[in-house]
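Trainee: dropping the sequence and predicted coords here.
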Amino acid sequence: MKNQPKIFNSISELHKAMGQPKPMHPLISILNYGEAIFDPKDFENGIILDFYKISFKTHFSGKLRYGHGFYDFEEGGMSFVSPGQILKMQEEEADYSGMSLNIHPDFIRPYTLNTNIKKYGFFSYTASEALYLSENEKETILGVFANIQNELKERIDNFSQDVLISQIELLLNYSNRFYNRQFITRKAVNNDVFSKLEILLEDYFNNEKPLENGLPTVQFVADELGLSARYLSDLLRNLSGQNTQQFIHDKLIEKAKEYITKGTFSMSEIAYKLGFEHPQSFNKLFKKKTNISPIAFQEQFNKN
């Protein structure tokens, strides 16, 4: 159908669409972008892969979008896609060198990686939240890709799958480490996100938006900041030790304490003003976060 994403159910189908020979293994392959022959316009409506794709781009032309800004990073970077996600083939997609590691879920299904791979949050990040690599990091990642490629080319035997699984796990663990470094080294950008989030929530509660829209959700604030929900939570956890939901709850409790100490509203009215449908839910969260009920907090405040 026209205007529909192209669906690739197998790695072999992707190789064929990229003008490449069949993969050496039907469930795992490395595809070299420099050898791919395709027209991005053929996939202008996007593509959907039925397998994992880990892209390593050794060179980008020009600047890359990162959140709401553009940043130069000539050493290349990585992006991660899980099965079922829609990918948009950008015009510059054909203008970089690098490779992608494609892994069908059936390849990892007999291993603990089948469960553990869901713990790697970067598979839920958007393309604009790519991992940008230093020169040393790039060499490390290239080394793992080379190990996987060599294993696929030279040693298909009873140990091959175990070795390849260990290399994939190594690649994911290195990526986790390098993302953590990125959160630290991009503190100026991340602190800007942090400040915008605080302003966003302050505006949300001060303008009584909870009365209209209910409690602010993680997805709502992530969309407002132009980030994926998982990336925002990981970023905040690195900056403050809290995920987005915990951060929202803390801001909510601050606002609740402000209302309580003013003494203008009843507890039920405060609950509704904050976006709760039921006062009991407000009481439960307040006690969970402060170890004291809203009523007890009010009484304690009035005594002072």
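Mentor: Alright, I've got the coordinates.
Trainee: from now on I want contacts and neighbour counts done on CA atoms only, so please keep to that.
Mentor: OK.
Trainee: how many residues are close by Tyr52?
Mentor: 21 (other Cα atoms under 10 Å).
Trainee: and if you look at Gln245?
Mentor: By other Cα under 10 Å, the residues close to Gln245 number 13.
Trainee: got a list of what it touches?
Mentor: 217-218, 233 (Cα atoms under 8 Å, 6 or more residues apart in numbering).
Trainee: can you list the low-confidence ranges for the stretch 51-200 of the chain?
Mentor: Scanning the stretch 51-200 of the chain for pLDDT under 70 picks out the ranges 59-75, 89-96.
Trainee: go ahead and confirm Leu27 touches Phe107.
Mentor: Yes. The pair Leu27 and Phe107 passes the contact test of Cα atoms under 8 Å, sitting 5.7 Å apart.
Trainee: gap between the residue nearest the centre of the chain and Leu235?
Mentor: Centrality entry for the chain: nearest residue to the mean C-alpha point is Tyr125, 2.5 Å, by Cα atoms, centre = their mean. When distance is defined by Cα to Cα, to the nearest Å, Tyr125 is 11 Å away from Leu235.
Trainee: residues of stretch 201-221 that come out buried?
Mentor: 201, 204-205, 209-211, 215-216, 218-219, 221 (16 or more other Cα atoms under 10 Å).
Trainee: cool, stretch 274-289 as well?
Mentor: Residues of stretch 274-289 classed as buried by neighbour count (16+ other Cα under 10 Å): 274-276, 282-283, 285-287.
Trainee: contacting residues around it?
Mentor: With contact meaning Cα under 8 Å, 6+ apart, stretch 274-289 is reached by 205, 208, 210-215, 250, 252-253, 256, 267-268, 271-272, 292-294.
Trainee: repeat the analysis, applying 10 Å as the threshold.
Mentor: Applying Cα atoms under 10 Å, 6 or more residues apart in numbering, the contact partners of stretch 274-289 are 204-206, 208-216, 246, 249-250, 252-257, 259, 267-272, 291-297.
Trainee: before we move on, the earlier item: overlap of the contact sets of Leu27 and Phe107?
Mentor: With Cα under 10 Å, 6+ apart, Leu27 and Phe107 have common neighbours Phe51.
Trainee: ok now stretch 41-56, how far from the chain's centre?
Mentor: Here stretch 41-56 is found 17 Å from its chain centre; the criterion is Cα atoms, centre = their mean, to the nearest Å.
Trainee: can you measure across it, start residue to end residue?
Mentor: End-to-end for stretch 41-56, by Cα to Cα: 22 Å.
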